[in-house]
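A.B. asks: Compute the structure for the input listed below.
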Amino acid sequence: MKIRILITTIFLLFLSLIPCSTVNAVDCSCAVGIEMVFMGSTVNEAYVGGLGDPPAHCITGTETLELTGMMVPAGAMIFVIVHEYSATVDTSAGGTLSDGVNTYAKGTPINNNNETLKGTGMYFYALNTQALTNQSITYTKASTDSIVSMSAFYATGIATSNALDTAVTATSYGQTIATTPIFTLTSGTPTQSGELFIAFMTFKQPTGQYQYLDTAHGWGEQELTVTSGCGVTANSMNAAMIGGAQINTGTTAKTFSPTMSTAGGTGTVNWAAWILGFKHQ
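C.D. replies: Residues are numbered from 1 along each chain as shown. Modelled structure (predicted):
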């Protein structure tokens, strides 16, 4: 019996010396195979050009905005960014999100430059989801006549409860006039290594401005970006957003500092920004 215990102890000690693997890791400090899958993005309005009567305008009047045909495995996290803009109605409270199956937590909406009538950014997420099979994710607007953009992804390997690491969360807002970078936002320190970090910015894109994701700080996934849609003119957008994600392999803070070119014109950008961290299993 003593020999069996000794052999078991030596075996367990040997296992403890093996570096943590990101695949099928148990009780380990590294990520358990977090994978992101982009689900799509959409804008509920379209710019309609024209001369004379009627003048060029944006189509409005829809109550909801949908991402259709969504396929999500059971147990994943769904994450959705929404930017709602109205020049006449205060959208500060934001709208609601549903897929008919899962329950979504809603992050506190932030107005661009902390002003009403400048657009409102927000995020939603659902943990340990039930599977979606050709279902729709639907955002119900705060104002029927708002212009809204929406972008979504799902991630596997995320903790099934209490996943949002509030120690990481950083938010900001402001107004920038034709400068680069637009701002520099730094996250808090994560509570574990291997967390999924998400950074995004909502803004009203003026005519002639072109926005770029901050790839210099590792935000390589650009699928969250929506910078074409409905604006005052054909090459502007009232409900623009940029965003990306990365796995923080350590426990250091991360910086989000997107740049802005002034090609084709200059203008004022009113914005709001977030960095979030989600813990793995």
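A.B. asks: what's around residue 216, how many residues?
C.D. replies: 12 (other C-beta atoms under 10 Å). Bear in mind the C-beta positions are built from the backbone N, C-alpha and C, glycine included.
A.B. asks: Is it part of a helix or strand, or is it coil?
C.D. replies: helix (DSSP: H, G, I helix; E, B strand; the rest coil).
A.B. asks: so what pLDDT did it get?
C.D. replies: On pLDDT, residue 216 comes in at 89.
A.B. asks: for residue 211, same thing?
C.D. replies: pLDDT recorded at residue 211 is 73.
A.B. asks: And the helix or strand that it is a member of, what does it pack against?
C.D. replies: When secondary structure is defined by DSSP states H and E, residue 211 falls within strand 210-212. Counting contacts by 3 or more C-beta pairs under 8 Å, 6 or more residues apart in numbering; DSSP states H and E, strand 210-212 is packed against strand 237-248, strand 259-261.
A.B. asks: contacting residues around it?
C.D. replies: If you take C-beta atoms under 8 Å, 6 or more residues apart in numbering as the criterion, strand 210-212 is touched by 182, 203, 205, 225, 227, 240, 242, 258-261, 263-264.
A.B. asks: mind listing what's buried in that strand?
C.D. replies: The neighbour-count check on strand 210-212 (16 or more other C-beta atoms under 10 Å) flags 211-212 as buried.
A.B. asks: gap between that strand and the chain center?
C.D. replies: Chain-centre distance of strand 210-212: 17 Å, with C-alpha atoms, centre = their mean, to the nearest Å.
A.B. asks: Pairing partners for it, with directions?
C.D. replies: Counting by DSSP bridges, the strands paired with strand 210-212 are strand 259-261 (antiparallel).
A.B. asks: Contacts for the partner strand next, please.
C.D. replies: Strand 259-261 has contacts (C-beta under 8 Å, 6+ apart) with 176, 178-182, 209-212, 214, 269.
A.B. asks: cutoff 7 Å now
C.D. replies: Strand 259-261 has contacts (C-beta atoms under 7 Å, 6 or more residues apart in numbering) with 176, 180-182, 209-212, 269.
A.B. asks: Output the helices and strands packed on strand 210-212 as JSON lines; include the columns mean neighbour count, mean pLDDT and distance to residue 59.
C.D. replies: Shown next, in JSON lines, are the helices and strands packed on strand 210-212 (neighbours: other C-beta atoms under 10 Å; pLDDT from 0 to 100; distance: least, C-beta to C-beta, whole Å):
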{"stretch": "strand 237-248", "mean neighbour count": "25", "mean pLDDT": "92", "distance to residue 59": "13"}
{"stretch": "strand 259-261", "mean neighbour count": "17", "mean pLDDT": "78", "distance to residue 59": "28"}
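A.B. asks: Taking strand 237-248 as reference, get the angle to the host helix or strand of residue 201.
C.D. replies: Here residue 201, judged by DSSP H and E, is contained in strand 195-205. Using axes from the mean of the first three to the mean of the last three C-alpha atoms, to 10 degrees, one finds that strand 195-205 and strand 237-248 are set 160 degrees apart in direction.
A.B. asks: Buried ones in strand 195-205, by neighbour count?
C.D. replies: Within strand 195-205, the residues scored as buried using 16+ other C-beta under 10 Å are 195-205.
A.B. asks: nearest to residue 93, of the residues you listed?
C.D. replies: Within the buried residues of strand 195-205, the smallest distance to residue 93 is 15.2 Å, found for residue 202 (C-beta to C-beta).
A.B. asks: how many other residues sit next to the residue lying closest to that closest one once chain neighbours are set aside?
C.D. replies: Leaving aside its chain neighbours, residue 202 sits nearest to residue 121 (3.1 Å; criterion: C-beta to C-beta, 6 or more residues apart in numbering). Neighbourhood size, residue 121 [other C-beta under 10 Å]: 30.
A.B. asks: which residues touch residue 63?
C.D. replies: Applying C-beta under 7 Å, 6+ apart to residue 63 gives the contacts 140-141, 144.
A.B. asks: my read: residue 258 touches residue 214, true?
C.D. replies: Yes. At 4.5 Å, residue 258 counts as touching residue 214 under the criterion of C-beta atoms under 7 Å.
A.B. asks: of the two, who's got more company?
C.D. replies: Set side by side, residue 258 and residue 214 show more neighbours around residue 258, with 28 against 22, by other C-beta under 10 Å.
A.B. asks: Can you tell me how far that one is from residue 177?
C.D. replies: The gap separating residue 258 from residue 177 is 15 Å, by C-beta to C-beta, to the nearest Å.
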